[in-house]
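> sharing a model prediction with you, sequence too.
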Amino acid sequence: MLSLNELYQGFRDPEVIKSLAKQIAITAAKYPGQINIMEVCGGHTHTIMKYGLNQLLPDNIEFIHGPGCPVCIMPKERIDHAAALASLPDTILITLGDMIRVPGSNGNLAQFRASGCDIRPIYDPLDCLTIATDNPEKTVIFFAIGFETSTPMTAVLLEQAEKRHISNLLFHINHVLVPPAIDAVMADPNVKVNAFIGPAHVSVISGAKVYRSAVKTYNTPLVISGFEPVDVMESILMIAKQKVKAIALLENQYSRAVSEQGNLTAQALINKYMIIRPSFRWRGLGPIADSALMLRDEYRHRDAEQVYKEQLPNIEIDDHKACQCGDILRGLSKPKDCKVFGRGCTPETPLGSCMVSSEGACNAHFRYNGVTE
Amino acid sequence: MSHLKANKTVQLSHGGGGKEMNRLIKDIFFKAFDNPILRSEEDAARLHFSGYTAFTTDSFTVAPLFFAGGDIGKLAIAGTVNDLAMMGAEPQFLSSSFIIEEGFAIDDLKVIVTSMANELKRSGARIVCGDTKVVPRGCADGLFINTSGVGRIINNEISVKNLQDGDAIIVSRDIGRHGAAILMAREGLALESDLTSDCASLWPIVEQLIAANIEIHAMRDATRGGLSAVLNEWASASDVGIEVNESAIPVSSEVSGLCELYGFEPFDLANEGTFILAVPQTSVAATLEVMKTFCHCEQAALIGHVNQIKPGKVILNTPWGSRRFLDVPQGELLPRIC
């Protein structure tokens, strides 16, 4: 019997959530200033908005939605790569979830699919093996996206493809890393962030250790948090306590899944196939050094960026000039500050990627916010 | 031995209008749907109506064709019967059109047609006309079915525009089962689960509600788009606000679990035998009593009410005191990335 719900039910207990809200209010009242918490990960943004947790907090606690949504940070030129690859003859392009809705400069992948390209969204990257095996006359390209969380799945897929000698499976790697994104956010002289909620699933893989330098460098509390409402509320309380004591520590609220070192097996597998990319242009944040991964030279034959180098556009394309996704990802603007929010830019017709993914800040605000206004 | 036993799959010739087509229709469709109007084999069914009549049509495409709790045939009957029932109409006459892909297994077709015949018995409706087309391999995903239906309207007051301030919102059973069952079957998830679709004809229960003189303001089966789509359509069409309480909405543990895994919400998942009612507050007890006595409605629950606070909007109250809009799902339902 499926009993996944047993895994989370205790973390949505109304009495526990109400009690945490009360403790947060009491604690935050002792802090004279504003606590601006950036939740780096889009999953937390979604939790906060979906469960209305922001409505339960005192006025001096504010959320700033960070760059941790793999869909939101994907620059247009990478979508254009995906579209160009999908348009090649006898090619199947595979990607994950919302990626097919992100606008590129010539439309999104769903539109390319409707015009005849074979583009398939999947849940499990290992499905690529079956698709490649079932279509030996075609080239199957996995448009790999995501933070540290989803990178191991790509590495496992690559390992299986190598072991089984599946030669028609190629990769377009867009895996990005959280710590350099935190550095990029904090490098802005106007930054208001003075605390972080650290990613959950990312940290399961990378371990708590990757945030130590950020906590020290920026003298900012960082609490790694699970995704359930109780997790997030408890993490906010932990942050508020640190702020009151004027200390900045790395704490791990999500200790049921995150260790200091992380998943070493997964890390080893990633290192076997991928290395740090010198620079990757993030949507909204611009180029960030050492912030993404690419395939090692030994696997060039599987690297769609190398194999199809001549066919891929290499023009960098900025967002629509009215779109403020960049400032929103940096924590400098709120979704509602954007002039096109909810007007020209909606989940149905997104101008910027923050409106595309359900984990995007604008999408979450559009869907859930406004009840109390 | 019938001719069809020699042929295990549907051939293009079965749609050619000749002997093979005639045998397919007689051996499979007439046998299962037998009734005097169909048997008369006229170009069109000759019917007699008096009073208000509801008329509806729907096309059914589902992958896979067979799923836990039903198949495309059961769906094609229940879907059209339910569209009529939700208008307070007694389902009477249905048409059924088949678009079959060349190579489709005859045995599967028989199972689907038998399933349709069984489902018809639950509402008493009859298939009185139909059509069969066979298309070349690759031009259809196995089998598409269209059913249209007419029914005699017994309660003429039910309307999407008829929600009134103070109305109670009732759901007939736990939500999201059909969408979750299809998702499990489609993704081939190796999860051990008893999850089945809610696919069912709703006329029997609606007939009881009408017979009990329940004053029904609006009624709709929550198919694609799920509970959120129905409530938003109502809020918009009647220009009222609707508030529902999350803790009152029945959801099975299997559906909740699957939603967690994929990042979906049960409110957005399709149902095929679950409906929502708007009734005056004074009718709540009587409505629930009738519903809990009859088929599949043991979990019927009062989930919210109509007000004028935010006309056109649906608000979900969480168990811990926060509130949010319950918006309609948009685009394809896609699994979360991480």
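Received it, and whenever you're ready, just let me know what you need.
> next, the buried residues of stretch B:46-66.
The neighbour-count criterion (16 or more other Cβ atoms under 10 Å in any protein chain shown) identifies B:53-54, B:56, B:58, B:60, B:62, B:65 as the buried residues of stretch B:46-66. Just so you know, the C-beta spots here come from the backbone N, C-alpha and C atoms, and that holds for glycine as well.
> also stretch A:231-244?
Going by neighbour count (16+ other Cβ under 10 Å), the buried part of stretch A:231-244 is A:231-243.
> and stretch B:37-47, by the same measure?
Buried, per 16+ other Cβ under 10 Å, within stretch B:37-47: B:38, B:45.
> just the C-alphas of it, formatted as CSV.
These are the backbone C-alpha positions of stretch B:37-47, laid out as CSV (Å, rounded to 0.1, in the frame of the first residue of the first chain):
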residue,chain,number,x,y,z
ILE,B,37,-34.2,1.4,-32.2
LEU,B,38,-30.6,0.4,-33.0
ARG,B,39,-31.8,-2.9,-34.6
SER,B,40,-34.1,-1.0,-37.0
GLU,B,41,-30.9,0.1,-38.8
GLU,B,42,-32.4,3.3,-40.2
ASP,B,43,-30.1,6.2,-41.2
ALA,B,44,-31.0,8.0,-38.0
ALA,B,45,-32.7,7.0,-34.8
ARG,B,46,-36.3,8.0,-34.6
LEU,B,47,-37.0,9.5,-31.2
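> nearest to chain A, of the buried residues of stretch B:46-66?
residue B:62 (18.7 Å; Cβ to the nearest Cβ).
> look up how far residue A:134 lies from the residue in chain B that chain A sits nearest to.
When distances are taken as Cβ to the nearest Cβ, chain B reaches nearest to chain A at residue B:322, 2.6 Å away. As judged by Cβ to Cβ, to the nearest Å, residue B:322 and residue A:134 stand 47 Å apart.
> so for those two, which residue has more residues nearby?
Using other Cβ atoms under 10 Å in any protein chain shown as the criterion, residue B:322 and residue A:134 rank with residue B:322 on top: 21 against 10.
> give me the pLDDT for the more buried one.
Per-residue confidence (pLDDT) for residue B:322: 95.
> quick one, what contacts the closest residue to it other than its chain neighbours?
Setting aside the residues directly before and after it, residue B:322 is nearest to residue A:52 in space (Cβ to Cβ, 6 or more residues apart in numbering or on different chains), at 2.6 Å. Residues counted as contacts of residue A:52 (Cβ atoms under 8 Å, 6 or more residues apart in numbering or on different chains) are A:368, A:371, B:318, B:322-324.
> could you redo the last one with a cut-off of 7 Å?
Residues in contact with residue A:52, defined by Cβ atoms under 7 Å, 6 or more residues apart in numbering or on different chains, are B:318, B:322-324.
> and residue A:100, by the same measure?
Contacts here follow Cβ under 7 Å, 6+ apart; on that basis residue A:100 touches A:108-110, A:113, A:119, A:121.
> and it, what pLDDT?
On pLDDT, residue A:100 comes in at 90.
> next, give phi and psi for it.
Residue A:100 has phi and psi values of phi -70, psi -10 when expressed as degrees, to the nearest 10.
> any idea how far residue A:312 is from the nearest residue in space to it that is not next to it in sequence?
Excluding its sequence neighbours, the residue lying closest to residue A:100 (Cβ to Cβ, 6+ apart) is residue A:109, at 4.1 Å. Going from residue A:109 to residue A:312 by Cβ to Cβ gives 15 Å.
> give me the more crowded residue out of these two.
Shown here are residue A:109 and residue A:312; by other Cβ under 10 Å, residue A:109 has more neighbours (24 against 18).
> that one contacts residue A:119, doesn't it?
Yes - using Cβ atoms under 7 Å, residue A:109 is in contact with residue A:119, at 5.1 Å.
> any residues in contact with both of the two?
Contact criterion Cβ under 7 Å, 6+ apart; residues shared by residue A:109 and residue A:119: A:86, A:100.
> quick one: the helices in the stretch 201-338 of chain B, in order.
Under the criterion DSSP state H, counting those that start in this stretch, helices of the stretch 201-338 of chain B are mapped to B:203-211, B:226-238, B:253-262, B:284-293.
> as JSON lines, those helices with distance to residue B:271 and mean pLDDT would be great.
Shown next, in JSON lines, are the helices of the stretch 201-338 of chain B (distance: least, Cβ to Cβ, whole Å; pLDDT from 0 to 100):
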{"stretch": "helix B:203-211", "distance to residue B:271": "14", "mean pLDDT": "96"}
{"stretch": "helix B:226-238", "distance to residue B:271": "6", "mean pLDDT": "97"}
{"stretch": "helix B:253-262", "distance to residue B:271": "10", "mean pLDDT": "86"}
{"stretch": "helix B:284-293", "distance to residue B:271": "15", "mean pLDDT": "95"}
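> right, I'll call it a day here.
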